[in-house]
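Chemist: what's the 3D shape of this:
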Amino acid sequence: MKVLNLRKSSEKSTLAFLVTLAVLTLSILKATSQKHPLYELLLLAFMLTSLIIILLVLSSKNELTICRHGIFYSSAFGNVHIEPNKTKLIKQYSKYGFNCVVIIGHGYFIFAPFYYLTSKQKQRLKRYDNNLLHWLEVTRKRSKFQGF
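Modeler: Here you go, the predicted model:
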């Protein structure tokens, strides 16, 4: 069975855009008086942008790999291995150029922003209703190497 190394896209450009937006909002906020009607709206926009930046940075993964032994990823909090029989669903979402992969399992939820599945990887998983365990069982039966 092949290893699925998920690919990362546009992480630096997205974070640079959000940081620029936050700095711009903060500079406008400092120039505006507190009595101005847009002050609270600008403050809310700055807080929301900052919250999104923090969420994306904390949930960012350095590597995300799916293979016959399960799911492996490394992040700022260390390396993690998840058994394949604990995984229920692997799904990719993409809106306005922002990609993310969501992996749901028994007792965990992984949000991997900026990662995406190639069309070939999507076809492989879609064939088995995005269920990693079912996909691994079928590919193991077809594989010459039975050491799981």
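
Chemist: Closest to the centroid, which residue in this protein?
Modeler: Nearest to the mean C-alpha position of the chain, counting by Cα atoms, centre = their mean, stands Ala112 at 1.6 Å.

Chemist: ok now do the residue sitting furthest away from the middle of the chain, which residues does it touch?
Modeler: Relative to the centre of the chain, the most outlying C-alpha is that of Lys35, 40.0 Å out, by Cα atoms, centre = their mean. Not one residue lies near Lys35 by Cβ atoms under 8 Å, 6 or more residues apart in numbering. Where you see a C-beta, it was placed from the backbone N, CA and C, and this is true even at glycine.

Chemist: helix/strand/coil for it?
Modeler: coil (DSSP: H, G, I helix; E, B strand; the rest coil).

Chemist: how much space between it and Met47?
Modeler: Using Cβ to Cβ, to the nearest Å, Lys35 is found at 19 Å from Met47.

Chemist: Equivalent analysis for Leu29, please.
Modeler: Separation of Leu29 from Met47 (Cβ to Cβ): 10 Å.

Chemist: Same drill for these two, tell me which one is more crowded.
Modeler: Neighbours per residue (other Cβ atoms under 10 Å) separate Leu29 from Met47, with Leu29 holding more: 17 against 12.

Chemist: surely the more buried one meets Leu42?
Modeler: Yes. Taking contacts as Cβ atoms under 8 Å, Leu29 lies within contact range of Leu42: 4.7 Å.

Chemist: so how far is the strand or helix carrying Leu15 from its chain's centroid?
Modeler: Take DSSP states H and E as the rule and Leu15 turns out to sit in helix 11-31. Its chain's average C-alpha position is 22 Å from that of helix 11-31, according to Cα atoms, centre = their mean, to the nearest Å.
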